[in-house]
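Trainee: curious how this folds, go ahead:
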Amino acid sequence: MTVTATDRSTPAPTPAAVPAPAARVVAIDVFRGLAILAVVVHHLAGMGVRYAPEGSAVATALAILNRSLLFVVPAFVFMTALVLTRSALRHFDAGRYYRARAKTALLPYLLWTVLYVLFRFATGQEDAAEWSDPARWVTWVQYGKGYYHLYFLLVVLQFYVVLPLLLPLWRRRWPLWGVVAAAAALQLAVYGLNRVGVLDFAFPATMAVWYIPALTLGMYFGANDGMFETLWARGRGWIVGAAVLGLAWFLPLSLAALQEEPVNTLAFSAANWVYTAAAVLALFGASLALAGVGGRAVPALTALGAISLQVYLLHPALLYLMEQWGFPGHPALFTLTLLAYGVAALVIPVLIARALAGTAVSRWLFGR
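Mentor: Prediction:
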């Protein structure tokens with residue numbers, strides 16, 4: 001779902017570059033395909049939690065699934081940083097860069113904010129009196145609150161603005177341990193400054209600086225072609241182990257927060273950053289493995305990855321409309337109905353994206 005297209009040209013050789021395996025090109029789209037599947041399942045499970053019988057096994061399973069998939073936005077943030085950094089380090093034209101970002105990211109963000117606000121009014125999710133309140137519109141646009149999923153576009157827009165300022169840092173080679181340590185320290189500093197009111201973010205998760213580990217790792221591996229492949233080959237067990245341990249730390253805290261129980265915010269945030277960063281790397285490693293072995297799933301995932309932004313933008317409205325149809329009370333029928341809703345929320349955007357491909361409507365709505 002990265003807002004920029006994958007650059008498939010061969011990078012100019014630099015001291016920090018190692019020729020990237022061809023599998024990485026496929027792996028990027030596989031990654032996007034897996035990530036957008038996780039997004040739909042995450043939102044589907046969140047909807048299911050609201051209607052499953054309280055305390056039932058189904059409700060517990062859906063809550064665990066929903067919380068375990070909270071790495072999805074950091075995953076897309078990571079891949080956006082990787083692809084764009086790799087491209088920008090080879091060739092960068094500031095005028096062309098910002099014009100392209102305005103066309104492919106800013107305009108779709110503003111358009112979808114308006115469309116989803118109208119959708120909320122039309123479906124009764126928003127009081128009609130709010131329509132004429134300028135302060136509400138400022139909040140919707142400034143914080144990505146036009147609908148619950150639009151903040152991702154705002155996060156990447158913020159990253160697009162500052163990327164040119166960060167590129168000089170990545171024109172030299174840094175040790176991975178140093179990059180990880182610096183990212184962790186900087187992220188904790190942002191957390192601390194926000195807690196004491198220096199930054200005072202109204203909605204921290206809508207700020208790009210709340211995703212420093214994912215952004216930093218994405219830029220690191222984007223600036224150092226072949227480095228992730230080497231890391232995965234030698235340390236995949238450590239990466240997967242870190243993701244599992246991170247989930248074991250994060251999941252109880254996240255489930256408690258879901259139940260509106262008091263949770264230490266520093267512990268929650270730290271666990272979230274550790275888990276999501278490790279899970280994103282594990283997902284990229286799995287994508288490389290899939291791309292390397294091939295199989296029937298790879299073409300489907302790459303095709304899905306190519307239209308992941310379209311699926312991301314469209315599926316929440318469909319889930320809301322299907323939610324109004326309700327759920328049967330029997331656990332088995334409830335589960336089957338939820339699965340059917342999920343399939344529809346995935347397939348319908350795919351069909352719409354394919355129908356609109358190459359049209360002016362697609363370029364306006366999706367920036368491509």
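Trainee: mind saving the C-alpha coords of the helix or strand where Gly192 lies as PDB?
Mentor: Element membership for Gly192, per DSSP states H and E: helix 176-195. Extracted in PDB, the C-alpha atoms of helix 176-195 (Å, rounded to 0.1, in the frame of the first residue of the first chain):
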ATOM      1  CA  LEU A 176      22.800  -1.900  12.100                       C
ATOM      2  CA  TRP A 177      23.200  -2.100  15.900                       C
ATOM      3  CA  GLY A 178      24.000   1.600  16.000                       C
ATOM      4  CA  VAL A 179      20.900   2.500  13.800                       C
ATOM      5  CA  VAL A 180      18.600   0.400  16.000                       C
ATOM      6  CA  ALA A 181      20.000   1.900  19.200                       C
ATOM      7  CA  ALA A 182      19.700   5.500  17.800                       C
ATOM      8  CA  ALA A 183      16.100   4.800  16.700                       C
ATOM      9  CA  ALA A 184      15.100   3.400  20.000                       C
ATOM     10  CA  ALA A 185      16.700   6.300  21.900                       C
ATOM     11  CA  LEU A 186      15.000   8.900  19.600                       C
ATOM     12  CA  GLN A 187      11.600   7.100  19.900                       C
ATOM     13  CA  LEU A 188      11.800   7.100  23.700                       C
ATOM     14  CA  ALA A 189      12.800  10.800  23.600                       C
ATOM     15  CA  VAL A 190       9.700  11.600  21.500                       C
ATOM     16  CA  TYR A 191       7.600   9.700  24.000                       C
ATOM     17  CA  GLY A 192       9.100  11.500  26.900                       C
ATOM     18  CA  LEU A 193       8.700  15.000  25.300                       C
ATOM     19  CA  ASN A 194       5.100  14.200  24.500                       C
ATOM     20  CA  ARG A 195       4.400  13.000  28.000                       C
END
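Trainee: what segments of the stretch 101-250 of the chain are helices?
Mentor: Secondary structure of the stretch 101-250 of the chain (DSSP state H, counting those that start in this stretch): helices at 107-122, 134-142, 151-166, 176-195, 212-223, 227-258.
Trainee: so which of these is the most surrounded?
Mentor: Mean neighbour count, computed with mean count of other Cβ atoms under 10 Å, is highest for helix 212-223 among the helices of the stretch 101-250 of the chain, reaching a mean of 25. Glycine gets a C-beta too; all of them are placed from N, C-alpha and C.
Trainee: got the angle between it and helix 151-166?
Mentor: 60 degrees (axes from the mean of the first three to the mean of the last three Cα atoms, to 10 degrees).
Trainee: quick check: mean pLDDT of helix 212-223?
Mentor: The average pLDDT for helix 212-223 rounds to 96.
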